[in-house]
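>>> Next come a sequence and a model predicted from it.
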Amino acid sequence: MTADIHRPVATPKPPYYAVIFTSVRTAVEHDDYAAMAAAMEALAAQQPGYLGMESARAGIGITMSYWASLEAIAAWKRNAEHQVAQKYGREKWYAVFRTRICKVEREYGAP
């Protein structure tokens, strides 16, 4: 359940959790990055507790994934295929990155 370019992903009534991943890519372009990103998005969507994902990149990349619980987030972090992607990220794709885990207690907006 990824947001389209015109609308944020629909999430349930809080509380739920957000994983905010911010990154700056390395100067070297890697052919395998886009394929792995797409594969991880599809794999995350299959995980219990997954609620959706939104991404944007303009110099700094920001990907927010939404989860029902901290346990669901921990299980995603332990996923073997995700661990391979994390390793590649540390070794070749990202010059800098941060992961932040937040509890969403309120949300509001307009249609």
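That came in fine, so what should we check first?

>>> Where do the helices of this protein begin and end?
In the chain, the segments counted as helices under DSSP state H are 33-45, 70-78, 80-88.

>>> right, and those - which one's nearest Met53?
Between Met53 and the helices of the chain, the tightest spacing by CB to CB is seen for helix 33-45, at 6.1 Å. Where C-beta positions appear, they are placed from N, C-alpha and C, glycine not excepted.

>>> could the helices of the chain go into CSV alongside mean neighbour count and distance to Val104?
As requested, those are arranged in CSV below (neighbours: other CB atoms under 10 Å; distance: least, CB to CB, whole Å):
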stretch, mean neighbour count, distance to Val104
helix 33-45, 14, 17
helix 70-78, 15, 12
helix 80-88, 13, 22
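
>>> For the ones you listed, could you give me TSV that also reports distance to Ala18 and mean pLDDT?
Shown next, in TSV, are the helices of the chain (distance: least, CB to CB, whole Å; pLDDT from 0 to 100):
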stretch	distance to Ala18	mean pLDDT
helix 33-45	13	95
helix 70-78	9	98
helix 80-88	17	96
